[in-house]
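In: sequence? don't have it. structure:
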Ligand SMILES: NC(=O)c1ccc[n+]([C@@H]2O[C@H](COP(=O)([O-])OP(=O)(O)OC[C@H]3O[C@@H](n4cnc5c(N)ncnc54)[C@H](O)[C@@H]3O)[C@@H](O)[C@H]2O)c1
Ligand SMILES: O=C(O)C[C@H](O)C(=O)O
């Protein structure tokens, strides 16, 4: 008789050593095959794919034990599609709702044929937005326009601010307890927009609102591992600040494993990490920005969030959240501990003992990040005033 073969894979892979966890490190770093290449490391890995070696067996179905409902708003886009596939593969997810203003039907039919347990449903157009959100535990928002060469993320504000405002209003009405993962740029402003909308709706819980900056960490880990010849799965670089240009601040002095960087290496790596989004935008030459690496990063952050909701006690990721870590910046990307209600703790200790380079960069990013936060807050307030007049 055929045997269902299930193995699990994490987007971030192997759990960090206990020593790292005590220091608040992420529980994952990078996906990893065993040395023999014959199986996935799976000590506490949750995301499901068939084991490569199961090719000898007949794979009947991937069953999951999870019960979480995830809604993706902007599911038909460059990020939305691969992200939907990755979420469909998660055994932590029982229901996957795909919402977009267009093209959802085919994607839903396509994905629903994968023999993984999450049930997929598609929702198209504003009339179906409420239905897509009903009962969601996590709402992921990649809806909005991407950059073209020559544009800054802030150039997207004019279109994406309105999209994020409208979608978060609906989340407040129809999924008020859900975690919200904002991917749409400019993240430095769209997260404050989301917070203001939720406040106006009386539905703001700062523990549940996140700007997704995981891609900065994923890139930092990849670039540092390559530069220093370190095993990918071991590398963990916290990235703090925001998600645009010099507001992206990788803390190489806090990277694990501890590595010695020359001043030139610090300058080169920091600049590469800060410009990595632009590197992709230019390589795509008008066809958009990072989508596949972003889907991977968003799936990693989603997995971390779901593990936190499930009561896993050692889940840490960097994200752009409301905090008092830097008093003059009400939103700041830091490492956070994820738990049953969302953020359990914002880990501010990494900002102590910075290198001179990092301390200078932190001071330098403050005005830019503050201006982006204020712009988001002002936008929602102006919209509200306009609606009242
Ligand atoms: N946070 C990050 O690290 C990060 C990384 C990459 C991209 N992004 C951002 O993510 C966003 C999406 O990028 P993409 O490449 O997927 O773009 P895309 O244009 O390929 O897809 C966007 C999708 O959003 C949909 N959409 C537009 N308005 C909508 C609305 N009101 N409701 C629902 N869906 C709507 C579109 O129909 C489209 O399917 C961009 O703003 C981009 O800058 C952020
Ligand atoms: O660079 C962009 O516009 C998309 C995203 O913010 C990224 O960092 O890749």
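Out: Perfect, thanks for sending it. Please read all numbers here as calculations on a predicted model, not as lab measurements. Residues are numbered from 1 along each chain as shown. Ligands and ions are numbered 1, 2, ... in the order given.

In: do the lengthiest helix in the chain and ligand 2 meet?
Out: In the chain, assigned by DSSP state H, the helix with the most residues is helix 356-388. No - judged by Cβ under 6 Å from any ligand atom, helix 356-388 and ligand 2 are separated, with a smallest distance of 13.0 Å. All C-beta spots, glycine's among them, are computed from the backbone N, C-alpha and C.

In: What is the neighbour count of residue 334?
Out: Neighbourhood size, residue 334 [other Cβ atoms under 10 Å]: 25.

In: quick one: it and residue 305, what's the gap?
Out: Here the distance between residue 334 and residue 305 works out to 16 Å (Cβ to Cβ, to the nearest Å).

In: Relative to ligand 1, how far out is residue 360?
Out: According to Cβ to the nearest ligand atom, to the nearest Å, residue 360 stands 25 Å off from ligand 1.

In: give me every residue that touches the residue in the chain positioned nearest to ligand 1.
Out: At 2.0 Å from ligand 1, residue 77 is the closest residue in the chain, using Cβ to the nearest ligand atom. Counting by Cβ atoms under 8 Å, 6 or more residues apart in numbering, residue 77 makes contact with 100, 142, 143, 291.

In: Assign a three-state SS to it, would you?
Out: What DSSP: H, G, I helix; E, B strand; the rest coil gives for residue 77 is coil.

In: about what we covered before: near ligand 2 too, which of the contacts of residue 77?
Out: Among these, not one lies near ligand 2 by Cβ under 6 Å from any ligand atom.

In: Ramachandran coordinates for residue 312?
Out: When read as degrees, to the nearest 10, the backbone of residue 312 gives phi -60, psi 130.

In: Next: residue 121.
Out: Phi and psi for residue 121, reported as degrees, to the nearest 10, are phi -140, psi 140.

In: what's the closest non-adjacent residue to it?
Out: Nearest non-adjacent residue to residue 121, counting by Cβ to Cβ, 6 or more residues apart in numbering: residue 97, 5.4 Å away.

In: and the contacts of residue 77 as CSV, adding secondary structure?
Out: Below are the contacts of residue 77 laid out as CSV (three-state DSSP):
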residue, secondary structure
100, strand
142, coil
143, coil
291, coil
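
In: Who wins on neighbours among those?
Out: Neighbour-wise, those (other Cβ under 10 Å) top out at residue 142, 27 neighbours.
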